[in-house]
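>>> no FASTA, just this:
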């Protein structure tokens with residue numbers, strides 16, 4: 001039951017005193033089968049606690065096996081914007097989903113349902129993050145920059161990545177629940193994975209909802225162009241395929257808005273992540289068509305320049 005873990009993690013995170021160590025202690029009480037580490041990182045606007053959870057699979061690489069490793073990243077600026085606003089902010093749903101998924105996977109492992117492949121879950125915990133002006137509604141900013149986030153949240157061991165991010169501050173996907181993006185790999189926006197769409201219909205019990213993305217969205221922050229949000233920023237720091245899981249609403253909701261977290265929607269995301277993890281570790285869920293990707297590069301060349309900030313000098 002994922003909802004239990006969503007509610008328990010939310011209780012931990014909904015505090016000005018919430019830390020990565022609090023989450024670590026909670027996860028270690030569920031099961032000792034995983035490895036949980038926390039690192040506090042200082043930035044220009046304060047500090048945040050990066051947390052990484054490694055859950056070994058029966059045939060995972062951490063045990064000398066060959067099963068692929070799934071990465072799950074909870075993307076956000078912060079779980080709170082104190083003292084400007086009080087309470088858990090909408091932007092915190094990424095961290096909540098990621099850590100609730102870690103809790104459920106640890107619980108499953110302790111009960112004998114170990115996945116085939118390793119799962120690595122990363123996010124960061126900051127209850128006092130700054131805000132940032134954005135159209136149509138304000139964003140949550142972060143005490144550390146996107147480079148630091150990617151350094152601590154994206155690892156080489158991740159063979160594919162699900163990036164969970166609150167994506168309510170727009171008028172693009174007007175749906176209460178969650179949506180998935182096309183696969184992004186090395187600067188290419190690829191077709192949406194049929195396997196991931198199928199898992200959506202099974203876990204959500206409804207037709208799949210997708211989030212359209214643009215070239216701007218897959219380029220690094222700091223290049224002066226519009227981004228829908230940071231959901232695909234992990235894609236600039238890896239060769240592995242990345243798919244965004246966007247927690248969405250029918251109306252535009254500010255990332256720094258409070259009282260805007262819907263536990264049932266978060267629980268849907270947690271179940272989706274777990275079902276993808278099960279299949280991915282068994283090589284039964286593909287994020288992209290490898291042959292088609294090779295053909296694209298053969299025809300049009302590498303697009304990895306879109307993973308950089310580009311020619312800043314001539315662009316001005």
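Sure, I can see it. For clarity, every value in this text was computed on a predicted model and none was experimentally measured. Numbers count the residues shown, from 1 in each chain.
>>> any idea how far the closest residue to residue 140 other than its chain neighbours lies from residue 43?
Spatially, and ignoring its direct neighbours in sequence, residue 140 is nearest to residue 77 (3.3 Å; CB to CB, 6 or more residues apart in numbering). For the C-beta atoms, the positions are set from N, CA and C on the backbone; glycine is no exception. Per CB to CB, to the nearest Å, residue 77 is found 11 Å from residue 43.
>>> more neighbours: the two, which one.
residue 77 (30 against 16; other CB atoms under 10 Å).
>>> so the more buried one sits right up against residue 255, yeah?
Yes. The pair residue 77 and residue 255 qualifies as a contact (CB atoms under 8 Å) at a distance of 6.7 Å.
>>> now the common contact residues for the two.
91, 139-140 (CB atoms under 8 Å, 6 or more residues apart in numbering).
>>> from those, which land in strands?
139-140 (DSSP state E).
>>> and which of the shared contacts of residue 77 and residue 255 is nearest to residue 297?
Nearest to residue 297 among these is residue 139, at 33.6 Å by CB to CB.
>>> which strand residues bridge the closest one?
Assessed by DSSP bridges, residue 139 has beta-bridge partners residue 132.
>>> gap between it and residue 6?
In terms of CB to CB, residue 139 sits 24 Å off from residue 6.
>>> go on, residue 230?
22 Å.
>>> how about residue 201?
From residue 201 to residue 6 the distance is 22 Å (CB to CB).
>>> same question, residue 296
38 Å.
>>> residue 273 now?
12 Å.
>>> again, but for residue 299
Where residue 6 is concerned, residue 299 sits at a distance of 44 Å (CB to CB).
>>> what about the helices in this protein?
2-13, 20-30, 93-110, 146-153, 194-204, 263-281, 290-300, 312-315 (DSSP state H).
>>> pick the most buried one from those helices.
Among the helices of the chain, ranked by average contacts under mean count of other CB atoms under 10 Å, first place goes to helix 93-110 (a mean of 27).
>>> quick one, that one and helix 20-30 angle?
Between helix 93-110 and helix 20-30, the angle comes out at 20 degrees (axes from the mean of the first three to the mean of the last three CA atoms, to 10 degrees).
>>> circling back: now do the shared contacts for residue 273 and residue 6.
residue 97.
>>> OK, contacts around residue 167?
Counted by CB under 8 Å, 6+ apart, residue 167 has contacts 173, 179, 211, 228-229, 231, 244, 246-248.
>>> oops, could you answer that again for residue 143 instead?
42-48, 78, 126, 128-130.
>>> columns pLDDT on top of the residues you listed, output as JSON lines?
Conversion of those to JSON lines gives the following (pLDDT from 0 to 100):
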{"residue": "42", "pLDDT": "93"}
{"residue": "43", "pLDDT": "90"}
{"residue": "44", "pLDDT": "85"}
{"residue": "45", "pLDDT": "83"}
{"residue": "46", "pLDDT": "90"}
{"residue": "47", "pLDDT": "95"}
{"residue": "48", "pLDDT": "97"}
{"residue": "78", "pLDDT": "96"}
{"residue": "126", "pLDDT": "97"}
{"residue": "128", "pLDDT": "95"}
{"residue": "129", "pLDDT": "94"}
{"residue": "130", "pLDDT": "90"}
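>>> phi, psi for residue 301 please.
Here the main-chain torsion angles of residue 301 (degrees, to the nearest 10) amount to phi 80, psi -180.
>>> relative to residue 97, how far out is it?
Residue 301 is 36 Å from residue 97, by CB to CB.
>>> do residue 274 as well
Residue 274 is 11 Å from residue 97, by CB to CB.
>>> now swap in residue 12 and tell me
Relative to residue 97, and taking CB to CB, residue 12 is found at 14 Å.
>>> with residue 152 instead?
From residue 152 over to residue 97 (counting by CB to CB), the distance is 18 Å.
>>> do residue 247 as well
From residue 247 across to residue 97, the span is 7 Å (CB to CB).
>>> and what of residue 285?
Taking CB to CB, one finds residue 285 at 19 Å from residue 97.
>>> equivalent analysis for residue 128, please.
From residue 128 to residue 97 the distance is 21 Å (CB to CB).
>>> ok, residue 225 next?
27 Å.
>>> hmm, back to that, now for residue 247 and residue 97: what residues contact both?
Joint contacts of residue 247 and residue 97 (CB under 8 Å, 6+ apart) are 164, 266, 269.
>>> for the second one, what are its contacts?
What it means is residue 266. 6, 93, 96-97, 100, 247.
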